[in-house]
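# Got a sequence here, can you build the structure:
(one chain, ligands or ions: 1)
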Amino acid sequence: MFGNDDFHRDNNVAKALYELERRFFRGDVKQRTLHAFEPYYAAIRSTAALIQSHSEKQGFLKAIYENFYKVYNPKAADRLGVVYTPNEIVRFMVQSADWLCEKHFGKNLIDRNVEILDPATGTGTFIVELLEHFRGRPAKMKYKFLNELHANEVAILPYYVANLNIEATYAAITGEYAEFPNLCLVDTLDNTDALATHVGQHFGDLLGGISTENVERIGRQNSRKISVIIGNPPYNANQRNENDNNKNREYPEIDRRIKATYIKESTAQKTKLYDMYSRFFRWAADRIDHDGIVAFVTNRGFVDKRNFDGFRKLAARDFSDIYVVDLGADVRDNPKLSGTMHNVFGIRIGVAISFLVKRRNATGNRIHYGRRPEFETREEKLAFLHTATLDKAAPELIRPDAHSNWLDLATSDSTGLLPLVAKATKGAKSRSEDAAIFRLFSLGIATNRDD
Ligand SMILES: C[S@@+](CC[C@H](N)C(=O)[O-])C[C@H]1O[C@@H](n2cnc3c(N)ncnc32)[C@H](O)[C@@H]1O
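Alright, predicted model coming up:
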């Protein structure tokens, strides 16, 4: 499809895997396996042969990425968040990040020393859109492409797709082919070497080791000061409850940071913040260090869920300017909504686009917020983002209350009320110490999946 039949000989990771394949994937096993794949390959070949334009190619790659993965391994697809980001969202985020960069740092994304990273790149849509954004400024764009655009991906299929997509887009815009040297096959959350809070551990045993060049690329990325982190990190969109048993793995260093920050500052009894998008927020906030912007589209839970109070408290403290465009459509909060009709990703979990600006010498903090109408459809939301600017999309200024609530301030203040239960009352020796209505409380019925 890309006329790039030598990909497996050119790309460093593909080369290593091809070598492995040459040694182990032979003879009868190879024949039988390829025979089983043939109808699938034939369908891809015949469709690909009809595709002419660059944008059609991109659409085709996205379809392979998302649809193939969901059938091939639905649990991994959910855990890794294998779903592409609609272009209206990507473009809105790139344009808004550029506007914020200029407003707060007096520079544009295309300028020197503004290094940009997509930590969960999928098909590479954010890097591709950045290249489109830089169209018309060839010299600056070439420098950016070769030196200051970075992307990570942990799964091999999207890694290949991103690589082909990014290089083909660069060639389509500039008329010349160049290898994209800053795509790393790595688990971003494991790669903690370059975090401001890092306490020594090394990425040596990670996926990175698959090729020497990949290790060098990760090392190079880690040596850079990253100013803008932009992307669509994963979250388990379909896991409805614990029994789905599609748990994410642990990330010791990031999880320790979450415990020492978001959880420590939370007043919620049970705080489960080890989901993928909190981890990516934690990683990005630590990676940016002093000055920079984090732009993510994620689950909207952090905006108003009780267990995210610690997150909100620290976000308001650590970032000088926060912008949230709340796209709503959480089907569990409002069962009258439909995921496929109202949600921009066609899922049941509400979605928000956020921009967090960190500035060393900032005084004070401002939280800008905008929410799309409850019953707005997916198409209407995307059409809105297609033309919106960030200041119009997040027009309200929010003043958090003393408990780090950002929304529903009038209804969420329960401080003056007598609690139903309290730990102090449960453990109290005498009645005079009672501070709550009931002394005894427990979890209630919880099977814990016990036989
Ligand atoms: C929501 S998708 C990104 C979609 C992308 N913006 C696009 O439009 O194609 C998230 C991607 O992050 C990758 N990913 C998940 N966890 C990761 C991790 N820990 N490190 C790096 N990449 C990860 C997944 O494999 C998936 O391709």
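# going forward, measure contacts and count neighbours with C-alpha atoms only.
Fine.
# near the ligand, anything from stretch 113-132?
Yes. Counting by C-alpha under 6 Å from any ligand atom, the ligand is contacted by stretch 113-132 at 119-126.
# from the middle of its chain, how far away would the longest helix belonging to the chain be?
As assigned by DSSP state H, the longest helix anywhere in the chain is helix 27-50. Mean-position distance between helix 27-50 and its chain equals 33 Å (C-alpha atoms, centre = their mean, to the nearest Å).
# okay, it in PDB with CA atoms only?
Output of helix 27-50 as PDB, limited to C-alpha atoms (Å, rounded to 0.1, in the frame of the first residue of the first chain):
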ATOM      1  CA  GLY A  27       9.200 -25.300   7.100                       C
ATOM      2  CA  ASP A  28       5.900 -26.900   7.800                       C
ATOM      3  CA  VAL A  29       4.800 -24.500  10.500                       C
ATOM      4  CA  LYS A  30       5.400 -21.500   8.300                       C
ATOM      5  CA  GLN A  31       3.500 -23.100   5.400                       C
ATOM      6  CA  ARG A  32       0.500 -24.100   7.500                       C
ATOM      7  CA  THR A  33       0.300 -20.700   9.300                       C
ATOM      8  CA  LEU A  34       0.600 -18.600   6.100                       C
ATOM      9  CA  HIS A  35      -2.000 -20.800   4.500                       C
ATOM     10  CA  ALA A  36      -4.400 -20.100   7.300                       C
ATOM     11  CA  PHE A  37      -3.800 -16.400   6.900                       C
ATOM     12  CA  GLU A  38      -4.100 -16.300   3.100                       C
ATOM     13  CA  PRO A  39      -7.800 -15.300   2.900                       C
ATOM     14  CA  TYR A  40      -7.100 -12.400   5.300                       C
ATOM     15  CA  TYR A  41      -4.100 -11.300   3.400                       C
ATOM     16  CA  ALA A  42      -5.900 -11.600   0.100                       C
ATOM     17  CA  ALA A  43      -8.700  -9.300   1.400                       C
ATOM     18  CA  ILE A  44      -6.200  -6.800   2.600                       C
ATOM     19  CA  ARG A  45      -4.200  -6.900  -0.700                       C
ATOM     20  CA  SER A  46      -7.300  -6.500  -2.900                       C
ATOM     21  CA  THR A  47      -8.600  -3.500  -0.800                       C
ATOM     22  CA  ALA A  48      -5.200  -1.900  -0.600                       C
ATOM     23  CA  ALA A  49      -4.800  -2.200  -4.400                       C
ATOM     24  CA  LEU A  50      -7.800   0.100  -4.900                       C
END
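# how about the following helix or strand past it: buried residues?
Remark: after helix 27-50, the chain's next helix or strand is helix 54-63, criterion DSSP states H and E. Buried residues in helix 54-63, defined by neighbour count with 16 or more other C-alpha atoms under 10 Å: 57-58, 60-62.
# hang on, the earlier thing: who touches the longest helix of the chain?
For helix 27-50, the external contacting residues (C-alpha atoms under 8 Å, 6 or more residues apart in numbering) are 1, 57, 60.
# thinking again about what came up before, could you redo the residues of stretch 113-132 next to the ligand as CSV and give each row secondary structure, pLDDT and neighbour count?
As requested, these are exported to CSV (DSSP: H, G, I helix; E, B strand; the rest coil; pLDDT from 0 to 100; neighbours: other C-alpha atoms under 10 Å):
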residue, secondary structure, pLDDT, neighbour count
Pro119, coil, 98, 25
Ala120, coil, 97, 28
Thr121, coil, 97, 27
Gly122, coil, 95, 34
Thr123, coil, 94, 29
Gly124, coil, 96, 27
Thr125, helix, 96, 24
Phe126, helix, 98, 27
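# ok, which stretches of the stretch 101-250 of the chain are helices?
125-133, 138-143, 156-174, 212-223 (DSSP state H, counting those that start in this stretch).
# which regions of the stretch 201-350 of the chain lie under the pLDDT threshold?
Residues of the stretch 201-350 of the chain meeting the criterion pLDDT under 70: 201-209, 236-247, 270-271.
# What parts of it come near the ligand?
So the stretch 201-350 of the chain meets the ligand at 231-234 (C-alpha under 6 Å from any ligand atom).
# quick one, phi psi at the closest residue to Tyr323 other than its chain neighbours?
With sequence-adjacent residues excluded and distances taken as C-alpha to C-alpha, 6 or more residues apart in numbering, Tyr323 is closest to His368, at 4.6 Å. Phi and psi for His368, reported as degrees, to the nearest 10, are phi -100, psi 140.
# List the beta-bridge partners for His368.
Under DSSP bridges, the beta-bridge partners of His368 are Tyr323, Leu397.
# looking at it, Tyr65 is touching Thr123, isn't it?
Yes. Between Tyr65 and Thr123 there is a contact at 7.3 Å, judged by C-alpha atoms under 8 Å.
# what's the overlap in contacts for those two?
158, 161.
# Show me how the chain divides into domains.
The chain resolves into domains spanning 1-50, 68-411, 418-451 when parsed by automatic domain parsing.
# Which single one of the buried residues of helix 54-63 is nearest to the ligand?
Lys62 (6.6 Å; C-alpha to the nearest ligand atom).
# what's the pLDDT at the closest one?
Note on Lys62: pLDDT of 86.
# Which residue is the nearest non-sequential neighbour of whatever residue of the stretch 251-400 of the chain ends up closest to the ligand?
The minimum distance from the stretch 251-400 of the chain to the ligand, using C-alpha to the nearest ligand atom, falls at Met276 (7.6 Å). Spatial nearest neighbour of Met276, excluding adjacent residues (C-alpha to C-alpha, 6+ apart): Tyr235 at 5.3 Å.
# I figured the one you found hits Leu80, correct?
Yes. With contact defined as C-alpha under 8 Å, Tyr235 counts as touching Leu80 (7.2 Å).
# those helices in the stretch 251-400 of the chain, which residues are they?
Using DSSP H, counting those that start in this stretch, the helices of the stretch 251-400 of the chain run over 252-258, 276-288, 301-304, 309-318, 339-342, 378-387, 390-393.
# How about Leu157: what's its closest non-neighbour residue?
Nearest one to Leu157, counting by C-alpha to C-alpha, 6+ apart, is Tyr65 at 7.3 Å.
# show me what contacts that neighbour?
Applying C-alpha under 8 Å, 6+ apart to Tyr65 gives the contacts 82-83, 123, 157-158, 161.
# try 10 Å this time
59, 77, 82-84, 122-123, 157-158, 161-162 (C-alpha atoms under 10 Å, 6 or more residues apart in numbering).
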